[in-house]
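>>> Provide a 3D model corresponding to the input given below.
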Amino acid sequence: MSTENHRLTRHIRVRYYLALALMGLVVTASYFVQSRGIAAERAHLRVIDFVKDQRGDIEAATGLADLMSVDEDGADRSAHRGALRRFIGDITRRHRILSLRDRVDWIPPDMRAILQKTYLSKSLGFNRRMTAFLDLAGTLLNSGQSGQIAESEIAERIESLTPDILGNEEELVRLLRAETHAGLGRLRRLTTGLWLTTLAILAVEVPLIFRPMRLKAQETLDSLEAARQRAEENAAVSEAAREGQASFIRNMSHELRTPLNGILGMAQLLRMRSLPPKDDEYVGDIQKAGDGLLELINTILEFSRLEAGEVSIRIENCNLRERLDHTISILSPLAEGKSLELSCRWDPRLAETYRADGARIRQVLFNLIGNAIKFTHEGSVTVSAIYKGRAGPEADIVRFEVEDTGIGIEREKQEIIFDEFQQAENGLARRYGGTGLGLAICRRLVDLMGGEIGLHSIRGDGSRFWFTLPLERVSVPDA
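Just a heads-up that it's a prediction; the model follows:
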């Protein structure tokens, strides 16, 4: 990334985080404003309901006072007196709260201001009338010996005060409702202001953040598309070069094999004749060198065919035990020539016949066993076929192992040993020969057969190469 692109990306990131912070502040402010507004509205409604309850109790107390003035029955008078006492108690408690004598937390400051201007206003006389109403009601409650005329006069005075008190209560309710509506209006304006602020922030984000981000994203997409096109062009060129290389290798391999086979044939004919010992040794050296060169050409040709995808797997009934024994018998002379013990172990849980490509399995085993013999100077080479479980109702997992007591492989080399043109040490090619393609071919063949290949080795303590294959059993009919 260039310095200019880096600076632009940093500026976009800073603007983006700043916009997020502003949006967060606005949303948080909106939440708190709305929460406080809702709480204030609830408090206002509670005060209004409180005043309405006071008005209802005043009406009820006035009615009870009127009943007491005309009721002569002792039981009814006692019931009316008890009810009036309860109403007067509630009216007194509310009066002390509304006159701000008893302080409560649920009356908000704006409502207190309205009560201060109305309920306690000397010009309106609200507090004075309520005090007179309560005094008269108290006199009525304590007028047990006053007689009927005195109670009638008290009731009439209470009834005369009631319309003015109810009018004051109605005016108070109107003022409280007006304050509530004003508070809601302020809340609505503030919420609208915050909403407009949010829209303004979003409008500012479009040219300062989203447009540069879109341009940057488009630039990135264009760069990716250009890179993809270059990659496709390079892949096409590489594929053409690989095809040309594979074709060249195949053609050259065939061109080299033809004269080489002629040289080997002539060398074999010469050795069939009676030659002087020195000449016979020279011809033998020619034949050994030709055999090595032919093996090298065959290996390169096989790898080029694998690279080109020209190798297919042929599945047929295959007696694995016979294939393994035959491979061992072919390589036994090499092991005997180095005084190595070459042995084979067959797991009795395995079937002898499976559906598999026996030729490719033999090719992998031939390579692994040949390497084990090549890199082992003393000791033994052990080949094993092991049952590792079921791969299906009629299939087994078969594991082949080739274990030797040779030179071993260092741990860091084990990760690349199956790569093309790789050997355990750089000097091994000069000392033991080989192209570094044998194990790569083995891995390609095992992959084609749907298996896995790996190794376990300790430097100086031998190696154990293995590969596993899922193979379908072939049921052999009873004789």
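>>> which stretches of the stretch 101-250 of the chain have low pLDDT?
Across the stretch 101-250 of the chain, the ranges flagged by pLDDT under 70 are 143-150, 205-206, 208-210, 212-213, 241-250.
>>> ranges for the helices of it?
Secondary structure of the stretch 101-250 of the chain (DSSP state H, counting those that start in this stretch): helices at 109-118, 126-141, 148-205, 211-272.
>>> which of those helices is buried the deepest?
Mean neighbours per residue, mean count of other CB atoms under 10 Å, is largest over these for helix 126-141, with a mean of 18. (C-beta placed from N, C-alpha, C; glycine too.)
>>> did I read that right, residue 396 in a strand?
Yes - under DSSP: H, G, I helix; E, B strand; the rest coil, residue 396 sits within a strand.
>>> before we move on, back to that, would you turn the helices of the stretch 101-250 of the chain into a markdown table with distance to residue 25?
Shown next, in a markdown table, are these (distance: least, CB to CB, whole Å):
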| stretch | distance to residue 25 |
| --- | --- |
| helix 109-118 | 26 |
| helix 126-141 | 45 |
| helix 148-205 | 9 |
| helix 211-272 | 22 |
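>>> which one of the ones you listed lies nearest to residue 65?
Distance to residue 65, taken as CB to CB, is lowest for helix 148-205 among the helices of the stretch 101-250 of the chain, at 4.6 Å.
>>> average pLDDT for stretch 341-349?
Throughout stretch 341-349, pLDDT has a mean value of 92.
>>> report the buried residues of it.
342, 344, 346 (16 or more other CB atoms under 10 Å).
>>> domain parsing for the chain?
3-214, 314-473 (automatic domain parsing).
>>> to the chain's geometric centre, what's the distance from the last one?
Going back to what we said before, that points to domain 314-473. 41 Å (CA atoms, centre = their mean, to the nearest Å).
>>> repeat for the longest one
If you compare the mean C-alpha spot of domain 3-214 with that of the full chain, they lie 52 Å apart, counting by CA atoms, centre = their mean.
>>> who does residue 402 bridge with?
Beta-bridge partners of residue 402, counted by DSSP bridges, are residue 383, residue 465.
>>> wait, doesn't it sit right on residue 465?
Yes - Residue 402 sits in contact with residue 465 when judged by CB atoms under 8 Å, with a separation of 4.9 Å.
>>> now do the shared contacts for these two.
Residues touching both residue 402 and residue 465 (CB atoms under 8 Å, 6 or more residues apart in numbering) are 368, 371-372.
>>> following the longest helix anywhere in the chain, which helix or strand shows up next?
In the chain, assigned by DSSP state H, the helix with the most residues is helix 3-70. Per DSSP states H and E, the first helix or strand lying C-terminal to helix 3-70 is helix 74-98.
>>> who touches that next one?
50-51, 53-54, 57-58, 60-61, 64-65, 67-68, 71, 102, 104, 107, 115, 119, 130, 133-134, 137-138, 140-141.
>>> and for stretch 356-369?
When contacts are defined by CB under 8 Å, 6+ apart, stretch 356-369 is touched by residues 313-316, 318-320, 323-324, 326-328, 330-331, 342, 381, 383, 400, 402, 438-439, 441-442, 445-446, 448-449, 453, 465, 467, 469, 471-472.
>>> the same query, at a cut-off of 6 Å, please.
313-314, 318, 323, 327, 331, 402, 438, 442, 445, 465, 471 (CB atoms under 6 Å, 6 or more residues apart in numbering).
>>> thanks a lot, see you next time.
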